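Chemist: What follows is a predicted protein model with its sequence.
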Amino acid sequence: MTVDQLVARTTMESFRLVYESKVAGASVLLDAAGQLPVPPRFVVLFGSVASVIGSRGQVGYAAANDVLETLAHDWTARTGTRGVTVHWGPWAPVGAHPGMVSPELQRDFSRRELALIDPDEGPLCLLRELAWYDGPPTEATTVVYAPSGWLTS
Ligand SMILES: NC(=O)c1ccc[n+]([C@@H]2O[C@H](COP(=O)([O-])OP(=O)(O)OC[C@H]3O[C@@H](n4cnc5c(N)ncnc54)[C@H](OP(=O)(O)O)[C@@H]3O)[C@@H](O)[C@H]2O)c1
């Protein structure tokens, strides 16, 4: 089911459906992780470039991904361990996973020369971020991984 619609037509119910799936879900997981005898050394929240540049018809999704950054900061303040928010651009479909991009949207992106994340490269980006980050370990961070075109379009 898609609940994408322009802000003027967005109802509280449709906003909540998207927003809370992500924000409430992440909050519950982080609360549970924070209560473990030994909390994880880091957590990674999967956000979206939609929260950075907006996404027509997706106000709830953009807002929810933006709030992930706050959850990561709260996590770090609470546990003293790293909270990372990665705002991904759209991934290309792979195997049985159709991705989040419909064929119609894919044609539109292609026309606008907006690339999709290569499913082999995406995980490597995340691993590099975790392995090579050289800032303070107790600092929450946000990174954006979006292929060429996304942040300049
Ligand atoms: N794919 C992309 O291009 C892309 C780009 C930017 C950000 N992201 C973010 O990356 C994450 C993973 O994306 P994905 O493409 O792998 O998504 P996906 O294949 O649709 O997987 C989403 C997962 O979330 C679960 N889920 C959805 N709504 C839920 C709810 N209300 N309560 C509990 N579980 C729920 C689904 O459960 P079921 O399997 O039971 O339905 C599924 O396991 C998402 O947070 C997405 O926003 C993805």
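Modeler: Received the coordinates, thanks.

Chemist: Only C-alpha atoms from now on, for both contacts and neighbour counts.
Modeler: Fine.

Chemist: Checking Glu69 next. Helix, strand or coil?
Modeler: Here Glu69 is recorded as helix under DSSP: H, G, I helix; E, B strand; the rest coil.

Chemist: Check whether it really touches Thr85, as I assumed.
Modeler: Yes. Counting by CA atoms under 8 Å, Glu69 touches Thr85, with 5.8 Å between them.

Chemist: shared neighbours, the two?
Modeler: Common contacts of Glu69 and Thr85, defined by CA atoms under 8 Å, 6 or more residues apart in numbering, comprise Thr141, Thr142.

Chemist: between those two, which one's more packed in?
Modeler: Thr85 (26 against 23; other CA atoms under 10 Å).

Chemist: Buried residues, the helix or strand of the chain with the lowest mean pLDDT. List them.
Modeler: When each helix and strand of the chain is scored by mean pLDDT, DSSP states H and E, helix 103-111 comes last, with a mean of 89. The neighbour-count check on helix 103-111 (16 or more other CA atoms under 10 Å) flags Gln106, Phe109 as buried.

Chemist: Equivalent analysis for stretch 36-49, please.
Modeler: With burial defined by 16+ other CA under 10 Å, the residues of stretch 36-49 counted as buried are Phe42, Val43, Val44, Leu45, Gly47, Ser48, Val49.
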